[in-house]
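[1] Sharing a model that was predicted from the sequence below.
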Amino acid sequence: MDVFEAPGTAPESAAATQTAAASTGAPTAEDEQGLARFLELIESDARVEPTDWMPAAYRKTLVRQISQHAHSEIIGMQPEGNWITRAPSLKRKAILMAKVQDEAGHGLYLYSAAQTLGTDRDTMFEQLITGKAKYSSIFNYLTPTWADMGSIGWLVDGAAICNQVPLCRASYGPYGRAMVRICKEESFHQRQGFEILLSLMNGTDAQRQMAQESVNRWYAPALMMFGPPDEDSPNSQQSMAWKIKRFSNDDLRQRFVDMLVPQAEILGVTLPDPDLKFNEETGHYDFGELDWSEFYEVLKGNGQANTVRVAKRRAAHENGAWVREAARAYADKQAAAAEAAALAANEMVAA
Ligand SMILES: [Fe+2]
Ligand SMILES: [Fe+2]
């Protein structure tokens, strides 16, 4: 299970690797050949492309993961978009606006990648605005202070990078390629968040307090972005076997904590975990238990902002109906003109 994936929604086992044909009857020779070729691609670390044969469960897992990832990018625009007009300077506004626009772009690359698997964008949007689709729980937390823009960049985009860099090597080509570009932008996002916190930590006592208070709120939810502990994440195994996912939730979480500690020292913020300490034996930082009951509550829809986020997305979708209609009318007109031109050209040839 990855950062944007809800537990309990994945195809349940390796048995799900059966082919589509196998579920409706005996696999055809074509399916058997397809499966052999698919396994060969996975084995040799090559990319699976949209036109390649793939197991139905692989396709389904990817559609779910990529669309949840896309939804997270789009919903993730809200907690920060909400600060654009209140950012403390013109420079901060410009940076934040660019960052939020990047997230919209990430959503678009990812919806496009998911579409190559045969699920259309309208279906995915519908699932999001009716509350059927999951997105990362982190975006159901509120952003009451400016320092939260720093914490989101530093911790949330930071966790996203740890999770997403290995996804650049995901076995499905369009997903991996989308991630390459996304990761470049995420690293800018993390730096801008770090820099917001650094400015606050170099400011007045009140600013330092604001930064620390914000880090206190975001630290644990950011660690939970990697999903439940490995023993509670049975679907991860299949995703790792398919080379969609390359590292387990706990490994990624450890990597994240190891990255954060020295950065927190530079900032001068305290990470809110009394059990956090370097372990000479393992060479990693040990850290305390996370409150997974909170994670599951937010996932169930009981976070601070679940209802607000989906309602706002739905309103934006409805307000944008005229744009989609206009784009469709324009596309129809272009297609009709192209058809008329082709017809005229044919007639000239015939004459
Ligand atoms: Fe993003
Ligand atoms: Fe980001």
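    Good, I have the coordinates. Ligands and ions are numbered 1, 2, ... in the order given.
[2] Number of residues surrounding the closest residue to Arg47 other than its chain neighbours?
    Leaving aside its sequence neighbours, Arg47 sits nearest to Gly173 (Cβ to Cβ, 6 or more residues apart in numbering; 3.8 Å). Where C-beta positions appear, they are placed from N, C-alpha and C, glycine not excepted. Residue neighbour count, defined by other Cβ atoms under 10 Å, stands at 17 for Gly173.
[3] now do Tyr111
    By other Cβ under 10 Å, neighbour count at Tyr111 equals 22.
[4] Find the residue closest to it in space, skipping its chain neighbours.
    Using Cβ to Cβ, 6+ apart, the closest residue to Tyr111 is Ala70 (4.7 Å).
[5] Wait, a helix at the one you found?
    Yes - counting by DSSP: H, G, I helix; E, B strand; the rest coil, one finds Ala70 located in a helix.
[6] That one contacts Arg121, doesn't it?
    No - contact criterion Cβ atoms under 8 Å: Ala70 and Arg121 do not qualify, at 9.1 Å.
[7] Looking at those two now, which is surrounded by more residues?
    The neighbour comparison of Ala70 against Arg121 (other Cβ under 10 Å) goes to Ala70, with 28 against 14.
[8] what sits against that one?
    Residues in contact with Ala70 (Cβ atoms under 8 Å, 6 or more residues apart in numbering) are 106-108, 110-111, 114, 124.
[9] try 7 Å this time
    For Ala70, the contacting residues are 107, 110-111, 114, 124, by Cβ atoms under 7 Å, 6 or more residues apart in numbering.
[10] ditto for Ile75
    135, 139, 309, 313.
[11] repeat that for 8 Å
    128, 135-136, 139, 309-310, 313.
[12] Also Arg246?
    So Arg246 contacts 166-167, 169-170, 240 (Cβ under 8 Å, 6+ apart).
[13] ok, of those, which one's closest to ligand 2?
    Of all those, ligand 2 sits closest to Leu167, with 13.7 Å by Cβ to the ion.
[14] Quick check: the closest one touching Arg181?
    No - with contact defined as Cβ under 8 Å, Leu167 does not count as touching Arg181 (11.9 Å).
[15] Who has more neighbours out of those two?
    Shown here are Leu167 and Arg181; by other Cβ under 10 Å, Leu167 has more neighbours (23 against 14).
[16] Could you tell me how many residues sit around whichever residue of the stretch 1-150 of the chain sits closest to ligand 1?
    Here the stretch 1-150 of the chain gets closest to ligand 1 at one residue, His106, 3.8 Å apart by Cβ to the ion. Applying other Cβ under 10 Å, we find 27 residues neighbouring His106.
[17] Also Thr85?
    9.
[18] again with Leu155
    Counted with other Cβ under 10 Å, Leu155 comes out at 29.
[19] before we move on, back to that, between Ala70 and Arg121, what contacts are shared?
    Tyr111.
[20] Next one: Ala315 from Arg324, what distance?
    Distance of Ala315 to Arg324, given as Cβ to Cβ, to the nearest Å: 15 Å.
[21] can you check Tyr219 too?
    Tyr219 is 40 Å from Arg324, by Cβ to Cβ.
[22] Touching, Ser239 and Ser248? I think so.
    No - between Ser239 and Ser248 there is no contact under Cβ under 8 Å: 9.9 Å.
[23] neighbours around whichever residue of the chain sits closest to ligand 2, how many?
    At 3.7 Å from ligand 2, His189 is the closest residue in the chain, using Cβ to the ion. Number of residues near His189 (other Cβ under 10 Å) recorded here: 26.
[24] Excluding chain neighbours, what is closest to it?
    His189 sits nearest to Asp157 (Cβ to Cβ, 6+ apart), 3.9 Å away.
[25] contacting residues around that neighbour?
    186, 189-190, 193 are the contacts of Asp157 under Cβ under 8 Å, 6+ apart.
[26] which parts of this protein sit against ligand 2?
    157, 186, 189 (Cβ under 5 Å from the ion).
[27] switch to 6 Å and redo it
    Counting by Cβ under 6 Å from the ion, the positions of the chain adjacent to ligand 2 are 103, 157, 160, 186, 189.
[28] ok, the fourth one - how many residues close by?
    Residue neighbour count, defined by other Cβ under 10 Å, stands at 26 for Glu186.
[29] helix/strand/coil for it?
    helix.
[30] in what helix or strand does the closest residue to it other than its chain neighbours lie?
    Excluding its sequence neighbours, the residue lying closest to Glu186 (Cβ to Cβ, 6+ apart) is Ile161, at 4.8 Å. Here Ile161 sits within helix 158-164, counting by DSSP states H and E.
[31] What of Glu339?
    helix 321-350.
[32] about what we covered before: top of the contacts of Ile75 by neighbour count?
    Ser136 (28 neighbours).
[33] per-residue confidence at it?
    We have a pLDDT of 93 for Ser136.
[34] Could you find the closest non-adjacent residue to it?
    Nearest to Ser136 is Ser72, by Cβ to Cβ, 6+ apart, at 4.0 Å.
[35] Alright, that wraps it up for me.
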